[in-house]
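Asker: Show me the folded form of this:
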Amino acid sequence: MPPRKRRKIDHKPKSSSKTSSHDNKDTPTYSHWLMKSEPETRLEKGVDVKFGITDLQAEPDQTACWDGVRNYQARNFMRDQMRMGHKAFFYHSNCKEPGIAGIVEIVKESYPDHTQFDSKDPHYDSSSKKDNPKWFMVDVKFVRMMKRFIPLSELKALHLEHKSTGGALQNMALFTRARLSVQPVSKEEFDFILSLESKKT
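Answerer: Alright, predicted model coming up:
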């Protein structure tokens, strides 16, 4: 059986005339990511989509599947570029204080997201077929909490500063592709954000 379903917000599918091919799976562009999930209770079609980093910690082996992604670009990142051992920031979204809560590791590469076939699931997609699934997921494992929570407000201020100074966060997808629930993070961005842990605010 797959790990217990995780619940999260994602945006409705956008029409896409072209999607990434599996042919590109062996040439990943990124090795670091940011993955958004909701730490506070919210009902969607009668199901609580809450899944914060402490929920991940409570899972067997602190591991869960990252289901429910219904955006083509976010799906393509998971399906075509995420690899075993890649690290990702666990980002709390749609909550009182959004920001980076911890770090997870990709421990299973992409496979079909079972929620697309479950008519009782909020992420059910009647147009997706088991012999040709639309949506994919990966498994993630808890690595650690951030030494301090890095709030969106702090990251945004740095992004705006770096846009004019040429700093590490000037092109961060959290601001340039904000709607994506799964986003690439450059090594420079990842290392810079880690450096913020030891800085007092």
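
Asker: The chain: strands as residue ranges?
Answerer: Secondary structure of the chain (DSSP state E): strands at 32-37, 43-44, 47-48, 63-65, 87-92, 99-112, 136-151, 182-184.

Asker: Mind naming the longest helix for the protein?
Answerer: Longest helix in the chain by number of residues (criterion: DSSP state H): helix 152-165.

Asker: Quick check: buried residues in that one?
Answerer: 152, 154-155, 158-159, 162 (16 or more other CB atoms under 10 Å). Yep, even glycine has a C-beta here, placed from its N, CA and C like the rest.

Asker: Averaged pLDDT, it. What do you get?
Answerer: If you average the pLDDT over helix 152-165, you get 98.

Asker: Out of the buried residues of helix 152-165, which comes closest to residue 143?
Answerer: Of all the buried residues of helix 152-165, residue 143 sits closest to residue 155, with 19.6 Å by CB to CB.

Asker: what about that closest one, distance to residue 38?
Answerer: Counting by CB to CB, to the nearest Å, the gap from residue 155 to residue 38 is 18 Å.

Asker: now stretch 167-186: how far from the chain's centre is it?
Answerer: Remark: stretch 167-186 is offset 12 Å from the chain centroid, using CA atoms, centre = their mean, to the nearest Å.

Asker: Also stretch 72-92?
Answerer: Counting by CA atoms, centre = their mean, stretch 72-92 is centred 6 Å from the centre of its parent chain.

Asker: do the same with stretch 52-59
Answerer: The answer for stretch 52-59 is 14 Å, by CA atoms, centre = their mean.

Asker: Please list the outside residues in contact with that stretch.
Answerer: With contacts defined as CB atoms under 8 Å, 6 or more residues apart in numbering, stretch 52-59 is touched by 3-4, 6, 37-40, 62-64, 90, 92, 101-102, 104, 140, 142, 145.

Asker: Give me the buried subset of those.
Answerer: Going by neighbour count (16+ other CB under 10 Å), the contacts of stretch 52-59 have 3, 6, 37-39, 63-64, 90, 92, 101-102, 104, 140, 142 buried.
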